[in-house]
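Asks: fold the following, please.
(chains A, B and C)
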Amino acid sequence: MFRRPNLYTSYETETQVLPTFTKKVIAVFAVIALFLMPFDFPIISGPTELPILRSIPLIGDGLPFFRFLGDAAWLRYMSDAMIIVIAALGLNILTGMAGQVSLGHAFFLGVGAYTGAFLGGHATDSVYGHGLPMWIWLPGAGVGAALVGIIVSPVAVRLRGLYLAIVTLGLVFLGIHMGNTDWGRKFAGDPSLGRSFPEMDVRVWKEETPLVSISEKGSWFGVEMSSNQKEFLFVAVVMLVFIFFAVNIKRTRTGRALQAIRDRDIAAEVMGVAEFKYKLIAFATSSFFAGVAGALYASHIGKMPAAQFNLILSIEFIAILLIGGAGTVAGTIMGSFFVILLPELVKDFSDWLADRAEGEGIVATVSEVILSGNQGDFGPISTATQTPNYPLSIYDLNIVLYGVLIIVFLIFEPLGLYGIWVKVRNYWKRWPFSY
Amino acid sequence: MSSAQAKRRISNGAAFMIAVMVPITIFLIVQLFSDPAVFLTTILKSLAMGSTYAIIALGFVLIFKATEVVNFSQGALAMIGALFISFLVADETIPIIPWWRDGNLVPIRNPIYDLGLPSWLAWGLSFVVALFFAALIGLFLERVAIRPMIGQPLFSVAVITLGLEIALRIMANDSSKLKLRNTNTPWSGKGFNIGDNFLYWSFFAAMIAAAICVVAVFLFYRSKLGIAMRAVARDQEAAMAQGIPIGRVFAIAWGAGAALAAVGGLFATEPPIKQTGAVDAETSLVAFRALPAVILGGLDSVQGAILGGLIVGSAEIFAGQYLSGYNSVLGSGYPLVVPYVVMIIGLIVKPYGLFGTEEIRRV
Amino acid sequence: MKKVTKGFAPLVALALVAAACGGDDAADEPADAPAAADEPADEPAAADEPADEPADEPADEPADEPAEEPAEEPAELLFDYGVSDDTIRVGMNADLSGPFASLVSQIVEGQEVYWEMVNEMGGVAGREVELVILDNAYDVPTHLANYEEMRVEDESGVVFFTESTGSPHTAATVDMLAEDNLLAIPLTWYSGWADPDLGANVVEINANYCIESMNGVEYLADTFDAETIAIVSLAGEYGQDGASGAKLAAEALGLEIVYDGEGAIAGGDQTPIVTELVAAQPDIVWMTTTPTTFAEIFGGSVAQGLQAQWSGNNPTYSYLLLNTALADALSAYYTQSGYTALWGQNDSEGMALVVSEMQKRRPDAIFSDSYIRGFLEAMTAHQILEAAADAGDISRAGILEAFQSAEIDFMGLAPNQTWSGDPNDYIVRETYLYDIDASNFTPDATVSDNDGGTGNVLVAGPYAGSAAEAYVWDGPCFVAG
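Replies: Numbers count the residues shown, from 1 in each chain, chains lettered A, B, ... in the order given. Prediction:
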């Protein structure tokens, strides 16, 4: 902090992933915090006892950040978010670094999930499965998805901009459709019940009791943990591995080539960057990330139908990329957590609003106007269980707010969360001369 | 790239198209002679389907030409337009819009209901008023969500329209869940028989509506406002320098696009797309089926939208009719993905769509 | 959260290996640890005090305090999670903003009314029953997250899931239910739930799709002297279960199956099916699809001149279709099948209860048959909880035990139900059949309108055909993957 962080004395130090001391420290703390998250801390996690803080929205029931600690329902959301981070990093390579807009990322997640299920799942009368151990099916899922990415890329390479985006969108619909055909069902299972996916357990080879059991509760290093906590830690490790790769891709020749293609691909080709080859690499890599993430996602959920890999999931990824700040790894990570946890925050907010309607004060009046109870009131949003035709229900409101918040965010901060972070950081860097 | 190479590339594409079209044509001719009544029905159905897709595609293209934004919320707008028609036609009070009366918020009465007109006239009036309100919504969306994003990367704006789609669709769905709302078109459910096949009047209505829309758009583009819009589409800065109010052009484009979506939404509730004549949750998904038509034709071409819509609609209907024996291999519900397959095949040959302007890439 | 150096990866790998060598206790938590031993803080409820814990009472129900102390407050009532001294929490993991939101929100309303009534009469074991409702938006990950939130092992968890919307969603939680000793009432009638391997913790209510198809086909065949049948079904456990039942009935009755096809999943052009269906010219058609798919196929076939009698499993038909262009055709050609009596269609005690309670507590609610489903679910849970309370154990394990020997009396709304013994003995074989009469449909009515109707007239029910009676259950009709 008291040195000169922008002074670089060698090329190596400039391209380091964590060039400054501060960044290194933050990184270490972040990783430690990540591994401590699943465990309870006596004072910090749980609802706050101080009455002053209780009435503040979102904070009253436990500081939202610290509610992440401990074995709670939030842990599932956090594990989901970390798996989505892996997939989003893949999309970041394709869209953020190579500039190839893809709305079909959910398709590659699905391919990975079903490849993983094919390799590692249990065969029944109606689905294939080979019961192979995780060190085969997890990378195998990535490889399978990468192969599909390679198959798709000759078509995709010829297309640009929105044309590419919508063709990849078509992939999502085609994928769901293929999952429902007779032959597709052998991989994807029943169109409505789905199939069960392999458990996250470390085995050597198809034996009965795993070497390290992640999907059952047990104890590691003498600490008693539930299956959610163990899965969290495992996924955290996998995520860190992929973050490592994603961050370092930028520093390699391939990364520079991809960025050149994004910026101006004709110029890149003139300079000697083979467009087809590098776009192929971009698709393959991004699909690999998506495949692994898809297999983890499916295993984490346990059993689901092919229709889960739908347009909404694809939109989530694009939203993550844009809200986080396209092209940056840190932005993608922040964006993933934000978008996955957003529905929960919105639900808390509307619950809080509904509760306050009965009280007094400004907030109560606002929510009186906006909300309407069972009968009589007229407000566009209804807290009743059943909503006669026009008012939105409080549950619909959550989804509408989700869409609206994405819009608002993009309007007011087009550079995303990473842009906000940069602005905040610059402000404090220059303080007290921040103007 | 030498001209010999260029010629070779063009003829490769042509060869591909010939290789695809010849067997299809032979197949169609065979079907025509084996069962003319069914063939005629299929042709009319596909023209109707194609017309509906063409109307929706026109909406997409209109908005894209002016503002360079692909409006993913076109489907939600279509559903809202159809809902407006159903509100105005049948309901005593208009939902959603409140009014103060005696110190309470009450819904307002539907003036068309109160007029007590003969049903076809009431319907026609509702249709026009609904188009007007749909256009208003388009204006509102443009002002609120798109205008602030001028100058931002197009992809962010596309995602904004995706967010709009989610929000609008949920709000529209809410209105249609508890009561399937009938659009009460005068020709609903009626038609005539050819052999064993029933031809709905709505097929012809869709074709006529598409023709009217196309003519309207062409005339519009020749009007002063239309020329201004074309100028804005060509080069925004030059248009501004000429004194063309860009904001107004954008607004009109969105308003017109929303109105076209409403018309498309109406026909999305009629055969061949829906048998029930009512608006339900799937009406908003029709636009995602029309999207391939837009892409196939080229995002910024009006002729492309029409042709693309017709091609895609026909492919869907013909595949549904004549390939039904292969249901198990193709998967049930395969007609829904036929538009996307056709789009991909088309884009392999022409990456910017049939009539889209090729992007000139400079170093 | 950036990596520090490249050296971290081997460290992490080392940590993972160390964890593996660190030994792993098998997950051997006894499934039914005696509840009283688990929570030292939860003394078995003292003999009284339902009224002295104002902090836990929801602020707006002072009128629900039982007027008279229930005499039977057993001093040794065992309970663990989800129960406190004055509340019992039951949960609903329901689709309130997804494709079934309109239906499910009415079911939720029905349950709310029922539990309000129960609480006014004193609740269960002197405690008020609190309904916890979470929205799963018909999304499996959300459903699982809601499950986690409701299964917490303390007072704020639940003891029973009185509604779990979605077959894939419920299926995804089956293992977790078994582990947590929880019960869930699903909103599906798949014949596999009776299979102890799949549905040991699933409280399925009413007949299943397979039986329903058998009854429906037999009724149609008898009433309309049919010889040929066409079957149209969705892919998936719902569609194929129904289709299996229809095929079994066709075989037993000697009907010829002239068309057997799978409809599309979502709406869209159903021409392939309509073409082949019309060409096959069946006498009766049995459908197991969704209302939108059904509307397309039915409408398209009738337009092409098919004269047949149609029916289908309950979820295939929606009375809202009477508001569309198909109303007249439905009146002429469709027979509705259902698992229960519909609103106002019989004079049973249960029906009178539903009507009076709904009119009293939700007079402006939209007229619908779905409230009955809410009542049935709540009745099931209520009677199981009462049985558990009588046995002195309303811990999760105790409730599970009570379920296994419970007998539910639906007061005439549906056939009584039990789950003890061999599935072949206890599966419900009766369903109800209704004729459609569009003139009976009042779209804007509320529950207070005594001439309200959803367009159906009971013609047979409870009805069990010969095929259904003779059927031997030895596993689900259709085995889903």
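
Asks: for the stretch 1-150 of chain B, which residues are neighbours of chain C?
Replies: Proximity of the stretch 1-150 of chain B to chain C, by CB under 8 Å from any CB of the partner chain, involves residues B:45, B:49. In this view, the C-beta of every residue, glycine as well, is placed from N, C-alpha and C.

Asks: give me the below-cutoff pLDDT ranges for the stretch 1-150 of chain B.
Replies: Low-confidence segments of the stretch 1-150 of chain B (pLDDT under 70): B:1-13, B:95-107.

Asks: residue ranges of the strands in it, please?
Replies: Along the stretch 1-150 of chain B, the segments classed as strands by DSSP state E, counting those that start in this stretch run B:93-101, B:104-109.

Asks: cool, and chain A?
Replies: In chain A, the strands defined using DSSP state E lie at A:195-196, A:201-202, A:212-213, A:218-220, A:223-225, A:303-304, A:371-372, A:381-382, A:392-393.

Asks: can you say which of these is nearest to residue C:98?
Replies: strand A:392-393 (11.6 Å; CB to CB).

Asks: so what pLDDT did residue C:57 get?
Replies: Looking at residue C:57, its pLDDT is 35.

Asks: middle-most residue in chain A, spatially?
Replies: Taking CA atoms, centre = their mean, the centroid of chain A lies closest to residue A:84, which sits 2.5 Å from it.

Asks: what's around the residue lying closest to that residue once chain neighbours are set aside, how many residues?
Replies: Nearest residue to residue A:84, sequence neighbours excluded (CB to CB, 6 or more residues apart in numbering or on different chains): residue A:336, at 4.8 Å. When neighbours are counted by other CB atoms under 10 Å in any protein chain shown, residue A:336 registers 28.

Asks: and residue A:336, what does it touch?
Replies: Neighbouring residues of residue A:336 by CB atoms under 8 Å, 6 or more residues apart in numbering or on different chains: A:81, A:82, A:84, A:85, A:88, A:320, A:324.

Asks: domain assignment for the chain?
Replies: With no chain named, the answer covers chain A. What automatic domain parsing lists as the domains of chain A is A:72-309, A:347-430.

Asks: my bad, chain C
Replies: C:76-207+C:350-415, C:209-338+C:430-470.

Asks: chain B: which of the ones you listed is closest?
Replies: Chain B lies closest to domain C:209-338+C:430-470 among the domains of chain C, at 2.9 Å (CB to the nearest CB).

Asks: mean confidence for that closest one?
Replies: The average of the pLDDT scores along domain C:209-338+C:430-470 is 87.

Asks: same check, this time on stretch A:21-40
Replies: 82.

Asks: circling back: the residue nearest to residue A:84 and chain B: what is the separation?
Replies: For residue A:336, the distance to chain B equals 15 Å [CB to the nearest CB, to the nearest Å].

Asks: can you pull the contacts of residue A:428?
Replies: Residue A:428 is in contact with residue A:434, counting by CB under 8 Å, 6+ apart.

Asks: roughly how far does it sit from chain B?
Replies: 27 Å.

Asks: so can I have a markdown table of the strands of chain A showing mean neighbour count and mean pLDDT?
Replies: Listed next are the strands of chain A as a markdown table, based on neighbours: other CB atoms under 10 Å in any protein chain shown; pLDDT from 0 to 100:
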| stretch | mean neighbour count | mean pLDDT |
| --- | --- | --- |
| strand A:195-196 | 26 | 84 |
| strand A:201-202 | 19 | 86 |
| strand A:212-213 | 21 | 81 |
| strand A:218-220 | 19 | 79 |
| strand A:223-225 | 13 | 77 |
| strand A:303-304 | 24 | 84 |
| strand A:371-372 | 22 | 62 |
| strand A:381-382 | 22 | 64 |
| strand A:392-393 | 22 | 72 |
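
Asks: could I get the ones you listed as TSV with distance to chain C?
Replies: Below are those laid out as TSV (distance: least, CB to the nearest CB, whole Å):
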stretch	distance to chain C
strand A:195-196	5
strand A:201-202	6
strand A:212-213	4
strand A:218-220	5
strand A:223-225	8
strand A:303-304	4
strand A:371-372	12
strand A:381-382	10
strand A:392-393	7
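
Asks: where does chain A have its least confident helix or strand?
Replies: Least confident element among the helices and strands of chain A, by mean pLDDT, DSSP states H and E: helix A:51-54 (a mean of 52).

Asks: quick one: which of the domains of chain C is nearest residue B:361?
Replies: Among the domains of chain C, the nearest to residue B:361 by CB to CB is domain C:209-338+C:430-470 (38.2 Å).

Asks: is chain A contacted by stretch C:103-114?
Replies: Yes. Stretch C:103-114 reaches chain A (CB under 8 Å from any CB) through C:105, C:106, C:108, C:109, C:112.

Asks: the third one: which element?
Replies: Taking DSSP states H and E as the criterion, residue C:108 maps to helix C:101-120.

Asks: dump that helix to PDB, restricted to CA.
Replies: Taking Å, rounded to 0.1, in the frame of the first residue of the first chain, the C-alpha atoms of helix C:101-120 are listed here in PDB:
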ATOM      1  CA  ALA C 101     -49.300 -21.900 -10.300                       C
ATOM      2  CA  SER C 102     -53.000 -21.300 -10.800                       C
ATOM      3  CA  LEU C 103     -53.900 -24.900  -9.900                       C
ATOM      4  CA  VAL C 104     -51.500 -25.100  -7.000                       C
ATOM      5  CA  SER C 105     -52.400 -21.800  -5.500                       C
ATOM      6  CA  GLN C 106     -55.900 -23.000  -5.200                       C
ATOM      7  CA  ILE C 107     -54.800 -26.100  -3.500                       C
ATOM      8  CA  VAL C 108     -52.700 -24.000  -1.100                       C
ATOM      9  CA  GLU C 109     -55.800 -21.900  -0.400                       C
ATOM     10  CA  GLY C 110     -57.800 -25.000   0.300                       C
ATOM     11  CA  GLN C 111     -55.200 -26.200   2.800                       C
ATOM     12  CA  GLU C 112     -55.100 -22.800   4.500                       C
ATOM     13  CA  VAL C 113     -58.800 -22.900   5.000                       C
ATOM     14  CA  TYR C 114     -58.700 -26.400   6.400                       C
ATOM     15  CA  TRP C 115     -55.900 -25.700   8.900                       C
ATOM     16  CA  GLU C 116     -57.600 -22.500  10.000                       C
ATOM     17  CA  MET C 117     -60.700 -24.600  10.800                       C
ATOM     18  CA  VAL C 118     -58.600 -27.200  12.600                       C
ATOM     19  CA  ASN C 119     -56.800 -24.500  14.600                       C
ATOM     20  CA  GLU C 120     -60.100 -23.000  15.600                       C
END
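
Asks: where do the helices sit along the stretch 151-300 of chain A?
Replies: Applying DSSP state H, counting those that start in this stretch to the stretch 151-300 of chain A gives helices spanning A:161-180, A:185-188, A:227-249, A:253-263, A:265-271, A:275-301.

Asks: likewise for the stretch 1-150 of chain A?
Replies: Secondary structure of the stretch 1-150 of chain A (DSSP H, counting those that start in this stretch): helices at A:11-14, A:21-36, A:51-54, A:73-91, A:105-120, A:134-158.

Asks: which positions in the longest one come out as buried?
Replies: Neighbour-count burial for helix A:134-158, with 16 or more other CB atoms under 10 Å in any protein chain shown as criterion, is recorded at A:134, A:137-149, A:152-153, A:155-158.

Asks: endpoint to endpoint, stretch A:259-269 covers what distance?
Replies: In stretch A:259-269, first residue to last residue: 12 Å (CA to CA, to the nearest Å).

Asks: ok so, going back, mean pLDDT lowest where, among the domains of chain A?
Replies: Confidence, taken as mean pLDDT, is least for domain A:347-430 of the domains of chain A (a mean of 72).

Asks: how close does the residue nearest in space to the middle of chain B sit to chain C?
Replies: In chain B, the residue lying closest to the centroid (CA atoms, centre = their mean) is residue B:56, at 0.9 Å. For residue B:56, the distance to chain C equals 15 Å [CB to the nearest CB].

Asks: thanks a lot, see you next time.
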